[in-house]
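In: Provided below are the primary sequence and the corresponding predicted coordinates.
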Amino acid sequence: MDKNQKAKECVSVKTPKLDEINPHDPKIPYEKETPRLNNRENFENVIEKLRRCFQEKDFSDFDVMFEPKSVLNRCNNEIIGRHSIQEYIEKTYHNVEIRLFKIRCLIDVEQRHAAIEWVVRTKLPGQNQYQETLAAWYFKFSQSDFSVKTWYIWIDQAYLKHISSLEEELPVEKHWTPLEPYENYSTEQISEMIRKKIGLFENEDINGWSDMLHDQLIIRPPWDLCIGKEPCVKGASKFFENFENTQISKIELLHDKEKPNWAVYLQIFSTKNRETGETGEDIDYVFMEINDQKIRYWRCYFNTNKPPGNSGTFKFFIKTLIDCKRNEKQ
């Protein structure tokens with residue numbers, strides 16, 4: 001056996017299929033990876049530096065933090081080129097006193113992606129009151145260094161709270177406590193779960209889709225909280241009474257192996273109103289926690305600034321779930 005063949009065999013890893021895994025087994029094989037410490041620290045440093053740029057309102061380092069042809073998508077507004085991104089951010093935030101408090105951060109060191117959720121607190125010029133909202137960022141970094149190639153921003157415009165100061169006690173996540181210790185899943189296993197869930201939903205297979213939801217499911221969309229599997233299933237059934245030709249395309253998947261039962265994925269969600277023929281489409285950010293191969297926690301962000309009447313979107317689907325939860329309480 002030659003040296004090359006022997007080396008290939010040494011790093012060969014068999015990833016089990018979804019129905020073969022035991023998520024409690026600490027010896028689940030993972031794909032070969034590069035050393036994490038230095039890579040992770042560098043990604044975290046870029047994120048922290050960008051946070052300080054906002055808080056200090058100094059964006060002069062964008063020249064070295066972003067690729068020349070980098071792209072920013074902020075709530076469906078697309079800006080191309082690092083100088084244009086800097087001008088846009090400076091114009092948007094130059095008069096805003098802002099603080100960013102990290103909720104959670106996932107980093108995929110192999111893929112060079114990062115996802116961060118924030119509590120965002122602001123004070124507008126000429127006003128004495130402070131506001132609190134929530135936001136999500138998703139980064140794709142250069143393959144050759146730690147400069148930003150693509151940057152998505154979602155703002156939870158439905159969550160808006162008036163607070164007494166920028167340093168007020170932070171909100172606490174209610175009803176959900178992350179699992180400890182983490183269950184072990186590989187990137188391929190999580191990708192297969194998402195692919196299967198999307199396929200079942202597109203085919204309007206409510207029974208199969210519901211089998212992938214944990215009995216303790218918590219859905220945390222903008223503006224509300226949905227607890228339990230049953231209202232979610234009823235909401236999906238109601239949704240399909242009104243909509244058809246639903247298509248969901250997973251465009252990115254981030255799996256942080258330090259938290260192997262967590263993942264973030266981006267999707268394009270589109271559907272058609274059965275009665276009006278109206279169609280709609282949006283790009284969504286989804287964070288999820290997996291327990292026993294089922295979705296236990298699911299947090300989403302999407303653009304809530306669609307014009308009135310454009311109900312053929314992911315927003316309408318989530319609203320249907322929440323309405324079913326409220327009907328159960330009556």
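Out: The structure has been received and is ready for your questions.
In: Next, the contact list for L72, please.
Out: E78, I79, I80, I85, Y88, I89, T150, W151, Y152, I153 (Cβ atoms under 8 Å, 6 or more residues apart in numbering). Yep, even glycine has a C-beta here, placed from its N, CA and C like the rest.
In: so who does the second one touch?
Out: What that stands for is I79. Counted by Cβ under 8 Å, 6+ apart, I79 has contacts V71, L72, N73, I85, Y88.
In: 7 Å - rerun?
Out: L72, I85, Y88 (Cβ atoms under 7 Å, 6 or more residues apart in numbering).
In: which residues does I268 contact?
Out: Contacts of I268 by Cβ under 7 Å, 6+ apart are S249, I251, E281, I283.
In: Same question for N291.
Out: So N291 contacts L179, E183, H214, N261 (Cβ under 7 Å, 6+ apart).
In: closest to Q111 among the contacts of I79?
Out: Using Cβ to Cβ, L72 is the member of the contacts of I79 that lies nearest Q111, at 19.5 Å.
In: Secondary structure and distance to R40 for the contacts of L72 - can I get that in TSV?
Out: Output for the contacts of L72, formatted as TSV (DSSP: H, G, I helix; E, B strand; the rest coil; distance: Cβ to Cβ, whole Å):
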residue	secondary structure	distance to R40
E78	strand	29
I79	strand	28
I80	strand	29
I85	helix	25
Y88	helix	29
I89	helix	25
T150	strand	19
W151	strand	19
Y152	strand	20
I153	strand	22
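In: filter these to the buried ones?
Out: Using 16 or more other Cβ atoms under 10 Å as the burial test, the contacts of L72 include I79, I85, Y88, I89, T150, W151, Y152, I153 as buried.
In: Closest to E202 out of those?
Out: Of the buried ones among the contacts of L72, the one sitting nearest to E202 (Cβ to Cβ) turns out to be Y152, at 23.3 Å.
In: hey, what's the residue lying closest to the closest one once chain neighbours are set aside bridged with?
Out: Nearest residue to Y152, sequence neighbours excluded (Cβ to Cβ, 6 or more residues apart in numbering): Y138, at 4.2 Å. Judged by DSSP bridges, the bridge partners of Y138 are A115, Y152.
In: Which strand residues bridge D284?
Out: Q267.
In: OK, contacts around it?
Out: D284 touches L266, Q267, F269, C300, Y301, F302, F314, counting by Cβ under 7 Å, 6+ apart.
In: Quick one, grab the pLDDT at the fourth one.
Out: Which is C300. pLDDT for C300: 91.
In: Contact partners for it?
Out: P221, D284, Y285, V286, I318.
In: How many residues are close by the closest residue to F141 other than its chain neighbours?
Out: Leaving aside its sequence neighbours, F141 sits nearest to R112 (Cβ to Cβ, 6+ apart; 4.3 Å). Applying other Cβ atoms under 10 Å, we find 18 residues neighbouring R112.
In: Next: T276.
Out: 11.
In: what's the answer for S191, then?
Out: 17.
In: Give me the mean pLDDT for the helix or strand hosting C232.
Out: C232 is located in helix 229-242, with elements delineated by DSSP states H and E. Predicted confidence along helix 229-242 averages 87 (mean pLDDT).
In: Equivalent analysis for stretch 137-155, please.
Out: pLDDT averaged over stretch 137-155 gives 95.
In: from the middle of its chain, how far away would whatever helix or strand F269 lives in be?
Out: Following DSSP H and E, the helix or strand that holds F269 is strand 262-273. The chain centroid and the centroid of strand 262-273 are separated by 10 Å, computed with Cα atoms, centre = their mean, to the nearest Å.
In: Name the helix or strand of the chain that has the lowest mean pLDDT.
Out: helix 3-11 (a mean of 44; mean pLDDT, DSSP states H and E).
In: Mark out where each domain of this structure begins and ends.
Out: 37-163, 187-329 (automatic domain parsing).
In: Any chance of these in TSV with distance to V172 as columns?
Out: TSV is the format used below for the domains of the chain (distance: least, Cβ to Cβ, whole Å):
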stretch	distance to V172
domain 37-163	11
domain 187-329	13
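In: And S249, how far from D282?
Out: Separation of S249 from D282 (Cβ to Cβ, to the nearest Å): 12 Å.
In: more crowded one of those two?
Out: Higher neighbour count among S249 and D282: D282, with 18 against 13, using other Cβ under 10 Å.
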